[in-house]
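In: Take a look and give me a structure for this.
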Amino acid sequence: MEDPSYGQRGTKPYMCGVCGYRTAHKCHLSQHTRTHTGEKPYKCDQCDYSSAVKSSLNKHHLLKHTDKKPYLCGECGYRAALKSSLSAHIKIHTGEKPYKCDQCDFSAALKGNLNQHLAKHTGERPYKCDQCDYSAAKKTTLDRHLLLRHTGEKPYMCGECGHRTALKSSLSLHMRTHTGEKPYKCDRCDYSAAGKPTLYKHHLSKHTGKKAYICGECGYRAALQSSLLVHMRTHTGEKPYKCDQCDYSAAQTSSLNKHLAKHTGEKPYKCDQCGYCAGRKGTLHRHYLLKHTSEKPYICSECGYRTALKSTLSTHIRIHTGEKPYKCDQCDYSAAQKSSLNLHLAKHTGEKPYKCDQCDYSTAQKSSLNKHHLLKHTDKKPYMCGECGYRTALKSTLSTHMKIHVYRRESLQG
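Out: Residues are numbered from 1 along each chain as shown. As a prediction, the model looks like this:
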């Protein structure tokens, strides 16, 4: 459809009759119309890919069917098949974010990221899944959903550990668990991340101080909408993430991943100071703080208790407040710690997932399995009483034993 104002300087005479989109060039209108018709006349001669625009086909060919990456970043050695990809990458180093939102103070390095952000203001989700009621603001997000939820295919495999994934980008991110690469740097502290979304979350939660998302049930505040959604599940009891090997379900994908390590036994994170290995990076970091540093920067203002972990202090403070936010959905039991609730739930289910590999013992707690192993399958007794030479495998047993001497001394003094 051609507008009567054609020929006037600065006008956009070509208008889409379906949605009102306007452009200065007839060829751009033809391309745009294909978003409504679904027409994709440009076909790849090496696979079944097709595109509405010839330039998209050229990009596809470079990215998928050649190994050429002629564009090199002078800062870090990153290589790209497309000049536009290198330009976008360089903005990581320069911090340039030229694309501004006209409705808030958001800015982005890429136009695509701005368009994705704008959908938060409009709420528009034009891309619909034909297999469920999911909809997305971006076609790539819908494609990702289809791969993850409806195909079951995981064609990308890690050569180091056999981990499989549906997405090439997920494999690239996973590989950084082996290489230790963290290319995304925080410009306000020494934090770095393997993935850009992780860096963005860090920035919001650590450097803005803003907690715009509020729980209507209990007043909990969060910097991230995703954090609030996860929190809400403590009220609703929703556990959408299911284990495909047992009946376990979780409120968070990270909890499911932690659980899956019980089935695979995979522990890719190695301590560089001892032989400790962990299934999760966070667990390794916790180990390092507890075992290899003497720093305890977190202090309780009530009693002076000190700890290496912020989460431990938060749990400790509940001793003073009496808060028990973790509720059992089968009885009136509540707990200050999630681990205590999980232990309690095992009484209802009878589940004992921790199995001894040397006998038929099983238990609901990993710590109980560790104690069992020390007491029954090793001769090690590293804890010794300085009073009488008594030795034991467990520190807690030595503490109990020491009370005998304290009681005897008190009796003699009395």
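In: Just the pLDDT at Asp143, thanks.
Out: Here, the pLDDT recorded for Asp143 equals 86.
In: repeat for Gln8
Out: So Gln8 comes in at 51 (pLDDT).
In: Number the residues from 17 up from this point.
Out: Understood, numbering begins at 17; the last thing we discussed is Gln24.
In: what about the nearest residue to Thr394 once chain neighbours are set aside, how many neighbours?
Out: Spatially, and ignoring its direct neighbours in sequence, Thr394 is nearest to Ala409 (7.0 Å; CB to CB, 6 or more residues apart in numbering). The way it works is simple: take the backbone N, C-alpha and C, and place the C-beta from them, glycine included. By other CB atoms under 10 Å, 17 other residues sit near Ala409.
In: what mean pLDDT does the helix or strand where Leu45 lies have?
Out: Assessed by DSSP states H and E, Leu45 sits inside helix 42-53. Taken as a whole, helix 42-53 has an average pLDDT of 84.
In: now stretch 331-346
Out: Stretch 331-346 comes out at a mean pLDDT of 88.
In: In contact with Leu163, which residues are there?
Out: Glu169, Ala182, Leu183 (CB atoms under 8 Å, 6 or more residues apart in numbering).
In: at 10 Å what do you get?
Out: When contacts are counted by CB atoms under 10 Å, 6 or more residues apart in numbering, Leu163 touches Glu169, Lys170, Pro171, Thr181, Ala182, Leu183, Ser186.
In: and it, backbone torsions?
Out: The phi/psi pair for Leu163 (degrees, to the nearest 10) reads phi -60, psi -40.
In: now swap in Ala96 and tell me
Out: Dihedral angles (degrees, to the nearest 10) for Ala96: phi -140, psi 150.
In: What's opposite it in the beta bridge?
Out: Tyr87 (DSSP bridges).
In: Map the structural domains onto the sequence of the protein.
Out: Annotated domains of the chain cover 30-81, 88-224, 257-393, 399-425 [automatic domain parsing].
In: For those, give me a markdown table that also has distance to Arg237.
Out: Shown next, in a markdown table, are those (distance: least, CB to CB, whole Å):
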| stretch | distance to Arg237 |
| --- | --- |
| domain 30-81 | 39 |
| domain 88-224 | 11 |
| domain 257-393 | 14 |
| domain 399-425 | 38 |
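In: can I assume the residue nearest to Thr394 is in contact with Met400?
Out: No - using CB atoms under 10 Å, Ala409 is not in contact with Met400; the gap is 11.2 Å.
In: okay, the residue nearest to Thr394: pLDDT?
Out: In this model, Ala409 is scored at 85, pLDDT.
In: Show me the contact partners of stretch 108-119.
Out: So stretch 108-119 is in contact with 89-92, 94, 103, 106-107, 122-131, 133-134, 136-138, 199-201, 203, 212, 215, going by CB under 10 Å, 6+ apart.
In: just the strands in the stretch 167-316 of the chain please.
Out: Assigned by DSSP state E, counting those that start in this stretch, the strands in the stretch 167-316 of the chain fall at 172-173, 180-181, 200-201, 208-209, 229-230, 237-238, 257-258, 265-266, 285-286, 293-294, 314-315.
In: Off-centre distance for the fourth one?
Out: The reference is to strand 208-209. Relative to its parent chain, strand 208-209 has a centroid offset of 13 Å by CA atoms, centre = their mean, to the nearest Å.
In: helices and strands around that strand, which ones?
Out: In terms of contacts (3 or more CB pairs under 10 Å, 6 or more residues apart in numbering; DSSP states H and E), strand 208-209 is packed against strand 200-201, helix 212-219.
In: could these go into CSV alongside mean pLDDT and distance to Tyr370?
Out: Listed next are the helices and strands packed on strand 208-209 as CSV, based on pLDDT from 0 to 100; distance: least, CB to CB, whole Å:
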stretch, mean pLDDT, distance to Tyr370
strand 200-201, 88, 36
helix 212-219, 85, 30
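In: Let me have those in JSON lines, extended by mean neighbour count.
Out: Formatted as JSON lines, the helices and strands packed on strand 208-209 follow (neighbours: other CB atoms under 10 Å):
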{"stretch": "strand 200-201", "mean neighbour count": "16"}
{"stretch": "helix 212-219", "mean neighbour count": "15"}
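In: would you turn those into TSV with distance to Cys287?
Out: Formatted as TSV, those follow (distance: least, CB to CB, whole Å):
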stretch	distance to Cys287
strand 200-201	24
helix 212-219	22
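In: Who are the contact partners of the residue most central in space within the chain?
Out: The geometric centre of the chain, computed from its C-alpha atoms, lies nearest to Ser270 (CA atoms, centre = their mean), at 6.2 Å. Taking CB under 10 Å, 6+ apart, we find Ser270 in contact with Val246, Tyr257, Arg296, Gly298.
In: Now the buried members of those residues.
Out: Buried subset of the contacts of Ser270 (neighbour count, 16 or more other CB atoms under 10 Å): Val246, Tyr257, Arg296.
In: burial count for the nearest residue to the second one once chain neighbours are set aside?
Out: Pointing back at Tyr257 there. With sequence-adjacent residues excluded and distances taken as CB to CB, 6+ apart, Tyr257 is closest to Leu272, at 4.1 Å. Residues within reach of Leu272, counting by other CB under 10 Å, total 18.
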